[in-house]
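Engineer: Next comes the sequence, and after it the predicted model I'd like to discuss.
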Amino acid sequence: MAGNKTFTMIKPEAVAAGNMGKILDMVIASGFRVVALKYTRLSHSEAGSFYEVHKERPFYGELVDYMASGPIIAAVLEKDNAVLSFRDLIGATDPAQAAEGTIRKRFAESKAKNAVHGSDSDENAAIEAAFFFSGRERF
Ligand code: IDP
Ligand code: MG
């Protein structure tokens, strides 16, 4: 059975553009409950660890630089079938391919600067949530 938690970040360019409130509003309006929430910034080495799974991909260096370039919002979200439901809400990685009504269609600047992260599996959602949040920061 699919799990009911996912992990997200509102990425630096979307925070810098002042879109965090609008994005969180879409998330909550789509039926996700906020379990944990934090305004923080990844160091370069933390961003490198977080995206370790992508280290062989050609865009890894660019991705790490970008994710460490400014503050982000990190959150754990709860809903039935959370991982897939949230991937539907955010849309395709490349905003040019993202469906109407999705967060990336509305807010992403490019395939790299695509406004939000969403976990790709229940297992990674748990790992990513643990990267940012202790038990006492979850409600
Ligand atoms: P996802 O965020 O939709 O799961 P992934 O393939 O897991 O997409 O890639 C992780 C992140 O790396 C993307 O959200 C985006 O910021 C960046 N990225 C993915 N593909 C490219 C690319 O071709 N060029 C530059 N950055 C990319
Ligand atoms: Mg991914």
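Structural biologist: On my side now, so go ahead. Bear in mind the structure is a predicted one, so any value in this text is a computation, not a measurement. Ligands and ions are numbered 1, 2, ... in the order given.

Engineer: So for this structure, the centremost residue is which one?
Structural biologist: Geometric centre of the chain, nearest residue: H117, 2.3 Å, by CA atoms, centre = their mean.

Engineer: Using the three-state scheme, assign that one.
Structural biologist: At H117 the chain is in strand, as set by DSSP: H, G, I helix; E, B strand; the rest coil.

Engineer: Could you check how far F107 is from ligand 1?
Structural biologist: Per CB to the nearest ligand atom, to the nearest Å, F107 is found 13 Å from ligand 1. Where C-beta positions appear, they are placed from N, C-alpha and C, glycine not excepted.

Engineer: That residue: neighbour count?
Structural biologist: Counted with other CB atoms under 10 Å, the neighbours of F107 add up to 25.

Engineer: just checking, the residue nearest to the centre of the chain touches K11?
Structural biologist: Yes: the pair H117 and K11 qualifies as a contact (CB atoms under 8 Å) at a distance of 6.5 Å.

Engineer: Next, please give the residue ranges for the helices of the protein.
Structural biologist: Under the criterion DSSP state H, the chain contains helices at 12-16, 20-29, 44-50, 60-67, 82-90, 103-107, 122-132.

Engineer: Of all those, which one is nearest I73?
Structural biologist: Comparison of these against I73 by CB to CB identifies helix 20-29 as nearest, at 5.3 Å.

Engineer: Flag every buried residue along that closest one.
Structural biologist: Buried residues in helix 20-29, counted by 16 or more other CB atoms under 10 Å: M20, I23, L24, M26, V27.
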